[in-house]
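1. Take a look and give me a structure for this.
(2 chains)
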Amino acid sequence: MSQVTMRVWRGDANGGDFQEFALERQEGEVVLDVIHRIQATEAPDLACRWNCKAGKCGSCAAEINGKPRLMCMTRMDQLPEGPVTVTPMRTFPIIRDLVTDVSFNFAMAERVPALLPPPMPEDGYRMYQEDVERGQEFRKCIECFMCQDVCHVIRDHEENKQHYAGPRFFIRYAELEMHPLDTNDRRDYVREEMGLGYCNITKCCTEVCPEHIKITDNAIIPMKERVVDAHYDPVAWLGRKIRRRTKRTASEASVQPQP
Amino acid sequence: MTDYEHHDYDVLIIGAGGAGLRAAIEAKQRGLSVGIVTKSLLGKAHTVMAEGGMAAAMGNVYPEDNWQVHFRDTMRGGKFLNNYRMAELHAKEAPARVMELEQWGALFDRTKDGKILQRDFGGHRYARLAHVGDRTGLELIRTLQQKVVSMGTDVFMECKVLRLVHDEHGAIAGAVAYWRPTGQFVTFGAKSIILATGGVGKSWKFTSNSWESTGDGHAMALWAGAELIDMEAIQFHPTGMVWPLSVRGLLVTEGVRGDGGVLRNSNGERFMFNYVADMFRAETAESEEEADRWYEDHSAGRRPPELLPRDEVARAINAEVKNGRGSPHGGVFLDIGSRRSAEFIRRRLPSMYHQFMELAGVDITRESMEIGPTCHYIMGGVKVDADTAATRVPGLFAAGEVAGGMHGANRLGGNSLSDLVVFGQRAGLGAAAYLEGGSGPRGFDRGEVEAAIAQATAPFERESGENPYDIQRDLQEMMQANVGIIRNGPEIEEALVALEALSERVRHVAVTGGRAYNPGWNLATDLPSMITVSKCTARGALERRESRGGHTREDFPKADPEFGTFNLAHSVADGRWDGEFTTVRSPLLVMPDELKALLEEAH
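-> Here you go, the predicted structure:
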């Protein structure tokens, strides 16, 4: 088997540089396997996140040859010849080596007004497959945060993180908005507080989603339409008000339901 | 005395998988202050890996299903070594625990009339697993995570607990931990602690478990004075990937077989028909035709042998490979592509399709998968009271995989996710009742804190020493070889000697770099837990001179009725990770007659 050169970014918040490691290639390996081999031999303190190693937990996102990927699902033999560059996600502050501080995402999660369903009937809720499928697509999200990483609204503008939820949370808002049981109305909230309008639908998020969620087409664009309907179109607003009596107003919506 | 960052809670929950999060919800709802500590980020715990579903006798697909049948299936699957009361509570309460998830946003797959759809799995008489395609664990953890976050709970992410701390009377008073990103130490004062740390699978070479499954909770409970039971009962899931080598052990859901997939050897034979134990003969199909009719209608035939409990299937695969009828890479073939349409497979098993396509270059809608047993789950764990999840240490509770008893000698697929929510909730209730009773710690043993920190930092002070990764690799290879799926007395004795040698090496481990996000150091602090639980497993395996569920002895190939009357319970007197272990026979709870009658009921 031939050799491969790994160029891994190493450092912390104060700066860093690439370190090169030369290894024998092994059959069927993914990038994470090679990183693990480096840890087990040359650099036991090489920091990276990982858990499931099966593309299900979204822990091991990094930028491989400049592109956000899950290290556990990127096969070495499918990368182009030559050195393989591995760098941390650029949108988030560095903790160490390949590990970034993704707490921005957890802060945004805390600001999501939760599902507000009617009381559950004794034998459970009735929902139909065709009604849950839209939400199920968004609930495939493994929270790798690569969509957040590539979103130029925050990738290049740190200041926007204060008022921009990002694609991962736009699909969360869309999921709740389309949830058959929900009575919470977050449309004004997502426009006013979560910066839905900043997204100019370049679809970078959709391209990197490892779960192939159609973030832009199925979540962001429909949300933009619903927000516009709610805000600017008095006829549609009135129609909605009549048809969807159960939806709450935006000011109430930013309150968490009682536990 | 050094001052550390310190936090106080009524209930400290260690572990943020399904059990820990469900416990947190319950404790929060009872007005208690709750802190959750997790080694990873929130939402990444091993629960996320669960694929097939969560078992609950809701009767949405087969109305004749009920808790009694689920109880019977669980006890039979566990080869009657279960804590019957846990199996009873689990069977009774799982439906409510599953349904309430929909109040918090879960979206399960539906039946035609809009109820939660249920799928077939091994050992369950009826289609019983609530599921979302093959990503049910993700749905469970995300639902609980979102609920916990919406309740405003403190979550300490990437924080590793080293030791539990007692008060002056031996009750639980808190814990000492470190932040992985900075390496800084942190102490928690806690009136009660719920362990929900999951499993131990990282001590085997071929495992479906992540780096986190190092048995921290098992070990900390033992060191704190609790007992561990059934530690020899390890589940080797029959279907893990075997190729490429780098993904060997990765889980292939039982849902493949539940949805019609079959196992074949290198001759193309459906060999499971040759491995039906007497206990299951009456309810298992005799021919391929009969088995295939069953998928359409469970009254038209008996169950296919591929859906026997996991221990039976794993042993059968092992035997086929040993007898030279294996696949090219040392497994057997799992075939669904020739039996179901491509559209069906992609809809029902999307992540399996994806996983094989991306990692092995195999299209499962056209080709067979190569699979073999992989270390998946430990049935054994902390001995608890079924109703309250309390251990024998005042203030210490345990739920989920870290607790023992619920699954006996072998767990049925789908019974883990339901276990998490049933006993997670009960642990939250148990802790609340303990605190309502006015119990709580008096004092906080600073000595335990300092000793734990001294032990954790010692590897930095050694100029030279062992690489922690070398020790981990040697432990994994040894446990795989000596205390794996098929065991015998001399090999287990070798393992016990090897574990002493590994303990000695752990005492000389050295790490380089600083404390901030240093995986080598993190592993060094996991090694004492891994050695501790491996010792209990080996000791139990040596003492249990029979074969039962997830414990197979080639020198004692049959189940022995006498061994079916007790669990093996381990304890360590002085709380040292490398101290003297004691192993005793702990009699099973006596089952009331009306429950016994359920077990004896003919199929």
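2. what about the chain, any weak spots by pLDDT?
-> Let's take chain A. A:1, A:231-259 (pLDDT under 70).
3. oops, I was thinking of chain B
-> Judged by pLDDT under 70, the stretches of chain B that qualify are B:1, B:602-603.
4. Residue of it closest to chain A, please.
-> residue B:244 (2.2 Å; CB to the nearest CB). C-betas here are computed from N, CA, C, even on glycine.
5. Might one say that that residue is in contact with residue B:356?
-> No. Using CB atoms under 8 Å as the test, residue B:244 is too far from residue B:356 to be in contact (11.0 Å).
6. What count of nearby residues applies to residue B:290?
-> Neighbourhood size, residue B:290 [other CB atoms under 10 Å in any protein chain shown]: 15.
7. which ones are touching it?
-> B:301, B:302 (CB atoms under 8 Å, 6 or more residues apart in numbering or on different chains).
8. phi, psi of it?
-> Reported as degrees, to the nearest 10, the phi and psi values for residue B:290 are phi -60, psi -40.
9. Pop the domain breakdown of chain B in here.
-> B:5-233+B:379-436, B:237-375, B:448-569 (automatic domain parsing).
10. Could you do chain A as well?
-> Split by automatic domain parsing, chain A gives A:3-99, A:103-253.
11. can you count the residues close to residue A:159?
-> Residue A:159 has 8 nearby residues by other CB under 10 Å.
12. quick one: it from residue A:139, how far?
-> 31 Å (CB to CB, to the nearest Å).
13. Could you check the longest helix along chain B and say which residues are buried?
-> Assignment by DSSP state H gives helix B:519-543 as the longest helix of chain B. Going by neighbour count (16 or more other CB atoms under 10 Å in any protein chain shown), the buried part of helix B:519-543 is B:519-542.
14. Please apply the same query to stretch B:264-281.
-> B:264, B:265, B:270, B:271, B:272, B:273, B:275, B:276, B:280.
15. among those residues, which are within reach of chain A?
-> Applying CB under 8 Å from any CB of the partner chain, the subset of the buried residues of stretch B:264-281 adjacent to chain A is empty.
16. For the stretch 451-600 of chain B, which residues are neighbours of chain A?
-> Counting by CB under 8 Å from any CB, the residues of the stretch 451-600 of chain B near chain A are B:467-470, B:473, B:511-514, B:516-521, B:523.
17. burial measure for residue B:600, as a count.
-> Other residues lying near residue B:600 total 7 when counted by other CB under 10 Å.
18. rewinding a little: and the buried ones among the residues of the stretch 451-600 of chain B next to chain A, selectable in ChimeraX?
-> Selection of buried members from those for ChimeraX, criterion 16+ other CB under 10 Å:
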select /B:467,468,469,511,513,516,517,518,519,520,521,523
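19. Checking my notes, residue B:340 in a helix, right?
-> No. If the criterion is DSSP: H, G, I helix; E, B strand; the rest coil, then residue B:340 is coil and not within a helix.
20. Which residue, other than its chain neighbours, is closest to it?
-> Spatial nearest neighbour of residue B:340, excluding adjacent residues (CB to CB, 6 or more residues apart in numbering or on different chains): residue B:260 at 5.1 Å.
21. mind listing what that neighbour touches?
-> B:295, B:336, B:339, B:340.
22. in stretch B:246-260, what's buried?
-> B:246-260.
23. First-to-last residue distance for that stretch?
-> Chord length of stretch B:246-260, first to last residue, is 28 Å (CA to CA, to the nearest Å).
24. ditto for stretch B:430-447
-> End-to-end distance for stretch B:430-447: 28 Å, by CA to CA.
25. tell me which residues in it are buried?
-> For stretch B:430-447, burial by neighbour count (16+ other CB under 10 Å) applies to B:430, B:431, B:432, B:434, B:435, B:440, B:441, B:444, B:445.
26. same thing with stretch B:452-461?
-> By 16+ other CB under 10 Å, the buried positions in stretch B:452-461 come out as B:452, B:453, B:456, B:457, B:458, B:459, B:460.
27. okay if I get these as a markdown table plus distance to residue B:196 and secondary structure?
-> Conversion of those to a markdown table gives the following (distance: CB to CB, whole Å; DSSP: H, G, I helix; E, B strand; the rest coil):
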| residue | distance to residue B:196 | secondary structure |
| --- | --- | --- |
| B:452 | 20 | helix |
| B:453 | 24 | helix |
| B:456 | 22 | helix |
| B:457 | 27 | helix |
| B:458 | 28 | helix |
| B:459 | 28 | helix |
| B:460 | 30 | helix |
